[in-house]
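*Asks:* 3D model of this:
(2 chains)
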Amino acid sequence: MNIIFVKHGDKYSAEHVNRLYHQLIQYYPDANYLCYTDDPTDVCIPCMPVLTKPTLKFWWNKLALFSEDLVLAGIKGRCLYFDLDMDIKEDPTNFIKWGGLNILDAYWKADMYIPKHAYDVRINSSVITWTIGEQNHIWDHFLSNKDYFMRKYAGIDRFLVHENIEFNTHYDGIVNSVANEFKNAPIDMYNGIKYDVERNTI
Amino acid sequence: MTLKETLYKNALKAIEEIYVNSKYDPDVDLYRSFDIMNSVNENQIKNKEWLVDTLLPYIDQDKLKHVVILGSWYGLLSVMLQPKLSSDIEIRNVDSDKQTLMFGRKLIQDMDVDNIVFEEDDAGEYFFEKSDKFQLIINTSCEHMEQDDLSLIISMKPRDTLICFQGNNYDSIQSHINTHDSLESFVDSLGLYKVYHSETLEMENYNRYMVIGI
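*Replies:* Below you'll find the model as predicted:
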């Protein structure tokens, strides 16, 4: 199994990658850890350079994980992706679903009013599982009209849902969204709030 | 009816059509209506007027036969430029989003602009196959294009082919992958043989740059 992180730009540092790696390795000692990044400085795991083309900004680089380039780079098998603004507190294995594309159910948005034309969604791609080479259609579809998609959608979660990409969600209870009411879960996620790596030492 | 009035009438009609169709077809893309609105908003008009007024003195209409607008969106610039040119000059809008071509054609309905053509293609790839065809190359969305594609376009064009390129420093937009901090930086990035004109237009949230040269 591959465990993959994406670090692009200066929002997150090598420290964020390294800390998440150290949190995860106790549960997944045999995994192949990989960081997809434009700056491998101080990252303690093997890195894969970002694609030279197309140039993408922010979170859109996550979609490149579904490009043929990962296959060509010799990466094989199952992949488990984590956003960098997370804390792994316990072994999340029993909450993780495999087969196809799996992302998070954004339980904290369950009661939120979402007008159709706002394109907001009740899923979250902070934890993703898939098998290399089986989801390349996502990247290909994004490339088919990328500028329009980047204008239309404020992020890749909306792109996935509204472009009718097939997915399932991980088992309920995998994450606790710290911006919302506490929920006991193996992973704390800081989605949408400032994440400070020094806040919690390992 | 003035050209601008006709343009807005057509834009409203296109938006109305999207809304009406969305009542019966769940696959209709409502965002497209917002995109069309943005393409003809005050800033877009201001910017295109600036371009047309500035560019015209550099155009030799006796030699100009074919104009290409790379990354043309819904073709607003072609609508504003064409009436200022001789009617036998063809303006070719090229954009990779095929929906922009369909709606672009709707926006020019009832206008006396016979020589405006829309084509679906990647701007760079389209130009690389036809690099000798055009005497004027316009690109008002350099911030969306890879720098090496822009450089390749300039290196492949005949020496005397005029270019009019625009970029900006609007870095916070997700799809703006090639912005510049200054006009000088934008001019330098293009590596032109001769720069005839370079200027900055200050917009509310950003600066827009324009370079005319060969």
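*Asks:* Please make it C-alpha for all contacts and neighbour counts, starting now.
*Replies:* Noted.
*Asks:* neighbours of residue 180, just the number please.
*Replies:* Unless you meant another one, I'm taking chain A. A count of neighbours around A:Asn180, defined by other C-alpha atoms under 10 Å in any protein chain shown, yields 11.
*Asks:* my bad, chain B
*Replies:* For B:His180, the neighbour count with other C-alpha under 10 Å is 20.
*Asks:* Please go through chain B and pick out the longest helix.
*Replies:* The helix that spans the most residues within chain B, counting by DSSP state H, is helix B:3-22.
*Asks:* Can you tell me which helices and strands it packs against?
*Replies:* helix B:31-39, helix B:98-107 (3 or more C-alpha pairs under 8 Å, 6 or more residues apart in numbering or on different chains; DSSP states H and E).
*Asks:* Tell me which helix or strand the most centrally placed residue in chain A sits in.
*Replies:* By C-alpha atoms, centre = their mean, chain A has its centre lying nearest to A:Ser126, at 4.0 Å. Take DSSP states H and E as the rule and A:Ser126 turns out to sit in strand A:123-131.
*Asks:* Parallel or antiparallel, which strands does that strand pair with?
*Replies:* Here strand A:123-131 has these sheet partners by DSSP bridges: strand A:78-82 (antiparallel), strand A:102-105 (antiparallel).
*Asks:* Figure out how far the helix or strand of chain B with the lowest mean pLDDT is from the centre of its chain.
*Replies:* Lowest on mean pLDDT, DSSP states H and E among the helices and strands of chain B sits helix B:123-129, with a mean of 90. Put simply, helix B:123-129 sits 15 Å off its chain's centre (C-alpha atoms, centre = their mean, to the nearest Å).
*Asks:* For the helix or strand just after it, name the packing helices and strands.
*Replies:* Going down the chain from helix B:123-129, the next helix or strand is strand B:136-139, by DSSP H and E. Packing contacts for strand B:136-139, counted by 3+ C-alpha pairs under 8 Å, 6+ apart, involve strand B:66-70, strand B:162-168.
*Asks:* contact partners of the strand holding A:Ser126?
*Replies:* Strand A:123-131 has contacts (C-alpha atoms under 8 Å, 6 or more residues apart in numbering or on different chains) with A:76-83, A:96-107, A:156-157, A:169.
*Asks:* so how far is the first residue of stretch A:59-69 from its last?
*Replies:* End-to-end distance of stretch A:59-69 (C-alpha to C-alpha, to the nearest Å): 18 Å.
*Asks:* So that stretch, near chain B or not?
*Replies:* No. On the criterion C-alpha under 8 Å from any C-alpha of the partner chain, stretch A:59-69 is out of touch with chain B, staying 8.5 Å away.
*Asks:* Which residues in that stretch does the neighbour count mark as buried?
*Replies:* By 16 or more other C-alpha atoms under 10 Å in any protein chain shown, the buried positions in stretch A:59-69 come out as A:Trp59, A:Trp60, A:Asn61, A:Lys62, A:Leu63, A:Ala64, A:Leu65, A:Phe66, A:Ser67, A:Glu68.
*Asks:* give me every residue that touches the third one.
*Replies:* Pointing back at A:Asn61 there. With contact set as C-alpha under 8 Å, 6+ apart, A:Asn61 has these partners: A:Val6, A:His8, A:Val50.
*Asks:* wait, what's in contact with the residue positioned nearest the centre of chain B?
*Replies:* Most central in chain B under C-alpha atoms, centre = their mean is B:Ser72, positioned 3.8 Å from the mean C-alpha point. By C-alpha under 8 Å, 6+ apart, the contact set of B:Ser72 is B:Asn93, B:Val94, B:Asp95, B:Asn139, B:Thr140.
*Asks:* hang on, isn't the last one packed against B:Gln166?
*Replies:* In other words, B:Thr140. Yes. With contacts counted by C-alpha atoms under 8 Å, B:Thr140 reaches B:Gln166, the gap being 4.4 Å.
*Asks:* Please compute how far stretch B:67-87 lies from its chain's middle.
*Replies:* Relative to the centre of its chain, stretch B:67-87 is centred 7 Å away, using C-alpha atoms, centre = their mean.
*Asks:* got the end-to-end distance for it?
*Replies:* 12 Å.
*Asks:* which SS class is A:Tyr36?
*Replies:* Three-state assignment for A:Tyr36 (DSSP: H, G, I helix; E, B strand; the rest coil): strand.
*Asks:* Next, count neighbours for B:Val113.
*Replies:* 18.
*Asks:* Would you mind measuring from it to B:Leu81?
*Replies:* For B:Val113, the distance to B:Leu81 equals 10 Å [C-alpha to C-alpha].
*Asks:* If you drop the residues flanking it in sequence, what lies closest to residue 161?
*Replies:* Answering for chain A, as no chain was given. The shortest distance from A:Val161 to any non-neighbouring residue, by C-alpha to C-alpha, 6 or more residues apart in numbering or on different chains, is to A:Val121 (7.1 Å).
*Asks:* ah, no, chain B please
*Replies:* Spatial nearest neighbour of B:Thr161, excluding adjacent residues (C-alpha to C-alpha, 6+ apart): B:Gln135 at 4.8 Å.
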